[in-house]
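J.: dropping the sequence and predicted coords here.
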Amino acid sequence: MNRGARIPFCLNGETIARMREVLAAADYSELGIYHRLQAEDAVRFEPREIPRLMEMTRRKTPLDIFIRLFLLGAPVPVGAASGAVAPMALDDWTDEGLLSADGDAVRAPLQLVPASRLLVAFDPSTRHGVVEAQPDHVHGLGMSSLNLLNGTIRREVGAALDLGTGCGIQGLVCARHSRRVISTDVNPRALNIARFNAMLNGLENILFREGSRFDPVERERFDLILMNPPFAISPDRRFWFRDGGMAGDGFVKALITEAPAHLNEGGFCQITAQWAHRRGEAWTDRLKRWLEGSGCDAWVLRMKTQNPETYAANWISETEKNSPQAYRERWRGWMAYFEASGIEAVSTGMIALRRRPSIDNDFWVTEDVESIGDGAGAAFYRGFLLRDFVRRTRDAAWLDTAFTLAPEIRIEKSLTPGMPGWALEKIILRHLGGIRFAGQLDGRMIDLLGRCDGSTPLGHLVDALAETMGTDRGDIVASVLGVMRNLVARGFVLPPGIL
């Protein structure tokens, strides 16, 4: 893989500090943009939306000009750009590399996006064919980045590692709750952009180091490790942001198996990942073997699984824009690679580790996760505490415990035409917290859960259920405890002291 030399920024600290002041004065922020574009939350900057958004920024205030340059990718006249950056000179911005002048027009070579109360620069998206992907392309805030941002356990920590930092967003947010952050990447251009972003946001507790995997932090340990790596399962070695350079899911495996040695006791590692389903082998068994003897509890969240045909098409669509023939040839190459590797499907999700000294660490899976949204970091942390409760609590203590329902859960009933009226088909218990997923229960357990108000021990609820069913308590207690263990581990039901 060729190391690109397209280093975009000069990194003049004084100039960047003044840029920050100019952008703040224009109210170039998430709220400022939402108000200007009359949006309630997120704004879609897709090609079909550009004409409408250009119309909405027609007044050409400094905020309008910055929206056009950095979000819409539109050129603006030199005079308009000069007015927007005043009292700075336009040359300060072009010399630094954030803007470029071409005759009477000014453009922004990179996007500069407000996110998480930060300003973050990165390369324009290749998804809509506006730009062609280069080997050293630096991705912005894609779905995997947002999942990791939402899912990060935000505790005050001493040292955090952002491995594979890309544009730097994970490390920038970690700097708010970490005394020291180290951000690494194998792509020197990404490190240059990440350094610029740290300087633009006035963050001084981040160190940047170049290198692959854990090489830049040999023998160092951390309280928090975050990784949004190049996890694509690909036969190619073309792009820093996509291809890890190892066969199959070997790059993700290497990161997961190496991470525990760099965690302090009680520390967490969270990684966005894709992993292979190999012919004749359960994928859960493969991942479990990766972590045997690691000294870490592991929680795997599977969000989706794709067949090889769809998986390859999605990735190749990111990079092959202008040549249908090249697209077809590359897709066929990926198909041959999957067949030779025995890969029948690929899953996407997140893996969280917690360093805990034990002869028998936990490994568990939550499947069919719908989304990892705002507040998911707290849900991750709570999930580990709930597993601790499930692991250490004996049956008698379960029956003596008064449980409560998590406030984020909802019940959905599916009805089908019956004789007469409607017949109940199934009952879905849905978790609408930071980690969104669902499970199916029968009506009797739903009734029992409805009485989990934090004041009645589970044993009393089992007695009432047995009486309703006309059976002995001993006939149902084991099955009820089995269901409750699963519901507690998944966060539907909470024991005292865990919210």
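T.: Structure's in. What do you need?

J.: quick one: contacts for residue 60?
T.: Each residue near residue 60 by CB atoms under 8 Å, 6 or more residues apart in numbering is listed here: 76, 80. For glycine as for every other residue, the C-beta is placed from the backbone atoms N, C-alpha and C.

J.: for the residue lying closest to residue 164 once chain neighbours are set aside, grab phi and psi.
T.: Excluding the flanking residues, the one nearest residue 164 by CB to CB, 6 or more residues apart in numbering is residue 229, at 4.4 Å. Dihedral pair for residue 229: phi -90, psi 180, per degrees, to the nearest 10.

J.: count of neighbours near residue 229?
T.: When neighbours are defined as other CB atoms under 10 Å, residue 229 has 22 of them.

J.: contact partners for it?
T.: When contacts are counted by CB under 8 Å, 6+ apart, residue 229 touches 163-164, 244, 251-252, 255, 271-273.

J.: how far away is it from residue 317?
T.: 21 Å (CB to CB, to the nearest Å).

J.: please apply the same query to residue 332.
T.: According to CB to CB, residue 332 stands 15 Å off from residue 317.

J.: cool, residue 397 as well?
T.: Distance from residue 397 to residue 317, counting by CB to CB: 53 Å.

J.: likewise for residue 170?
T.: 25 Å.

J.: higher neighbour count, the two?
T.: Between residue 170 and residue 317, counted using other CB under 10 Å, the more crowded position is residue 170 (26 against 14).

J.: correct me, but the more buried one touches residue 144?
T.: No. The pair residue 170 and residue 144 fails to qualify as a contact (CB atoms under 8 Å) at a distance of 10.6 Å.

J.: now for those two: what residues contact both?
T.: residue 228.

J.: need the pLDDT of residue 129.
T.: Predicted confidence (pLDDT) for residue 129: 55.

J.: average model confidence for the strand or helix carrying residue 24?
T.: Remark: residue 24 resides in helix 13-25, with elements defined by DSSP states H and E. Helix 13-25 shows a mean pLDDT of 97.

J.: now it: how far from the chain's centre is it?
T.: Taking CA atoms, centre = their mean, to the nearest Å, the mean C-alpha location of helix 13-25 is offset from the chain mean by 29 Å.

J.: check which residues of it are buried.
T.: 15-16, 18-20, 22-23 (16 or more other CB atoms under 10 Å).

J.: and for stretch 105-115?
T.: Result for stretch 105-115 [16+ other CB under 10 Å]: buried residues 106, 108, 110-115.

J.: ok, stretch 136-146 next?
T.: Result for stretch 136-146 [16+ other CB under 10 Å]: buried residues 136-142, 144-146.

J.: spell out which residues make up each domain of the protein.
T.: Following automatic domain parsing, one gets these domains for the chain: 13-109, 143-361, 399-494.

J.: got the end-to-end distance for the shortest one?
T.: Right, domain 399-494. In domain 399-494, first residue to last residue: 14 Å (CA to CA, to the nearest Å).

J.: ditto for the longest one
T.: Terminal residues of domain 143-361 are spaced 30 Å apart (CA to CA).

J.: could we number from 744 for the rest of this?
T.: I'll keep to 744 as the first residue from here, and by that count the last item is domain 886-1104.

J.: ok now it, how far from the chain's centre?
T.: Here domain 886-1104 is found 10 Å from its chain centre; the criterion is CA atoms, centre = their mean.

J.: could you do the first one as well?
T.: With CA atoms, centre = their mean as the basis, the distance from the averaged C-alpha position of domain 756-852 to the chain average is 27 Å.

J.: and for the last one?
T.: Averaging C-alpha positions (CA atoms, centre = their mean) puts domain 1142-1237 31 Å from its chain's average.

J.: now it: mean pLDDT?
T.: For domain 1142-1237, the mean pLDDT works out to 91.

J.: just for the stretch 894-1043 of the chain, where's the confidence low?
T.: Counting by pLDDT under 70, the stretch 894-1043 of the chain shows no low-confidence range.

J.: could you pull out the strands for it?
T.: Here the stretch 894-1043 of the chain has its strands, by DSSP state E, counting those that start in this stretch, at 900-906, 921-928, 949-953, 965-970, 1006-1021, 1039-1049.

J.: buried ones among the contacts of residue 972?
T.: 906-907, 987, 994-995, 998, 1014-1016.

J.: save those as a markdown table, and put in distance to residue 1049 too.
T.: A markdown table is the format used below for the buried ones among the contacts of residue 972 (distance: CB to CB, whole Å):
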| residue | distance to residue 1049 |
| --- | --- |
| 906 | 25 |
| 907 | 22 |
| 987 | 18 |
| 994 | 18 |
| 995 | 16 |
| 998 | 21 |
| 1014 | 19 |
| 1015 | 15 |
| 1016 | 14 |
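
J.: enumerate every residue touching residue 1018.
T.: Residue 1018 neighbours (CB under 8 Å, 6+ apart): 976, 992, 995, 1026, 1029-1030, 1089-1090.

J.: right, and out of the residues you listed, which lies closest to residue 1069?
T.: Taking CB to CB as the measure, residue 1069 sits nearest to residue 976 out of these, at 20.2 Å.
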